[in-house]
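Chemist: could you look at this predicted model? Sequence included:
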Amino acid sequence: MLIALDAMGGDHAPEEPCKAAIQACQHDPELSVALVGDSERIKPIIEKADASVRSRLSIVHTDEVITGSDSPSLSIRRKKNSSLVVCFNMVRSHEADGIVSAGNTGAIAAGAVLLLGRIPGIDRPGLGAVLPVLNRCTLLMDVGGTVRCKPVNLLQFAQMGSIYMKLFRNVENPSVRLLSNGEEATKGDEVISAARVLIEQTKLNFQGYAEGKDIPNGISDVVVCDGFTGNVVIKFGEGLGELIQSQLKEEYKHHMLPKIGCFFMLPAMKRIMGRFDWERYGGSPVLGVCGCVVKVHGRSRANAIANAITSGANFIRRNGVERIQNEIAKGAEDNND
């Protein structure tokens, strides 16, 4: 199995993607990674790998990069020799089995549609984020793939999210909720209300609306929203987590009692931080396209990118695209009966 890794995507490229490729191959002896990007910068990093790993790492040289400020669709069309576009073309031509990138989110979503195509029956793909919440994982979908949504898009996000959690997170009958401004059925704007009507007509385990405060408490296996709202939610969560960490460090530095208390609480704090460590959860899958595409946070270090590579490899081994396509087709037949 070969994963095409965008070695130039993200804030810490190419060092961290290269280290991630080495780490992922050490973990999975059946995995190979093609590092796509500037060969002069990539080669010195991967030469440090053991021979057994180095033999499964290849370099595909490119001399262009899609940056965070580039227009998503225009950059996919114009920067044909960029690391991201070359990765997509490798998957389209079946040279690679999947793609992992920490690059421009909009460009990844646009490239997935323009270069790989949508699964039949899917109007817009969705970018899902697996969130560590209380007593479970929740898939928040969409988090940036489709910023403005129609009711049918939210319906399909619910369907694909439910399939993903069932097939790849081993949730028997995933619960689904729509993110809204209240739990009552009268809440939500026209799009949310229309999407609720559509979802209620399916066989999904739909449980109504969820408010923003409900997500950390693990109210549902799948929470559905448009890409703009979802991206705001996860960015707010990141900022809040960083604020809490910085304030705890300040208290620890300047006061004696917190230092003493921290000594006794350290084992519990490590367990809690480990459980809510976002780097463990393997990036964000782009669902609804004809190929395995995993988006990693732009600030990701090697550990997070390596977990995303592993997640992508597992998605491919379990025939993720085919199984989602079959489930979508089956759901459409059931709704027509």
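Modeler: Received the coordinates, thanks.
Chemist: verify the contact between residue 185 and residue 208 for me.
Modeler: Yes: with contact defined as C-beta atoms under 8 Å, residue 185 reaches residue 208; the gap is 7.0 Å. From N, CA and C alone the C-beta is placed, and that goes for glycine too.
Chemist: more neighbours: which of these two?
Modeler: Using other C-beta atoms under 10 Å as the criterion, residue 185 and residue 208 rank with residue 208 on top: 18 against 12.
Chemist: could you verify that that one is part of a strand?
Modeler: Yes: assigned with DSSP: H, G, I helix; E, B strand; the rest coil, residue 208 falls within a strand.
Chemist: which residue, neighbours along the chain excluded, lies closest to it?
Modeler: The shortest distance from residue 208 to any non-neighbouring residue, by C-beta to C-beta, 6 or more residues apart in numbering, is to residue 177 (6.1 Å).
Chemist: mind checking the SS state of that neighbour?
Modeler: Put simply, residue 177 is strand when judged by three-state DSSP.
Chemist: what is the neighbour count of it?
Modeler: By other C-beta under 10 Å, 26 other residues sit near residue 177.
Chemist: what's the answer for residue 93, then?
Modeler: Count around residue 93 with other C-beta under 10 Å applied: 8.
Chemist: got it, and residue 86?
Modeler: Neighbourhood size, residue 86 [other C-beta under 10 Å]: 23.
Chemist: pretty sure residue 164 contacts residue 287?
Modeler: Yes: at 6.1 Å, residue 164 counts as touching residue 287 under the criterion of C-beta under 8 Å.
Chemist: who touches both of these two?
Modeler: Here residue 164 and residue 287 share the contacting residues 128, 324, scored by C-beta atoms under 8 Å, 6 or more residues apart in numbering.
Chemist: could you list the low-pLDDT ranges of the protein?
Modeler: 255, 258-259, 263-264, 269-270, 272-282, 331-337 (pLDDT under 70).
Chemist: which stretches of it form strands?
Modeler: For the chain, the strands defined by DSSP state E occupy 2-6, 32-37, 57-61, 98-101, 126-133, 136-141, 175-179, 205-210, 222-224, 284-287, 292-295.
Chemist: next, format these as TSV and append distance to residue 19.
Modeler: Listed next are the strands of the chain as TSV, based on distance: least, C-beta to C-beta, whole Å:
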stretch	distance to residue 19
strand 2-6	11
strand 32-37	11
strand 57-61	11
strand 98-101	14
strand 126-133	22
strand 136-141	26
strand 175-179	36
strand 205-210	37
strand 222-224	33
strand 284-287	20
strand 292-295	17
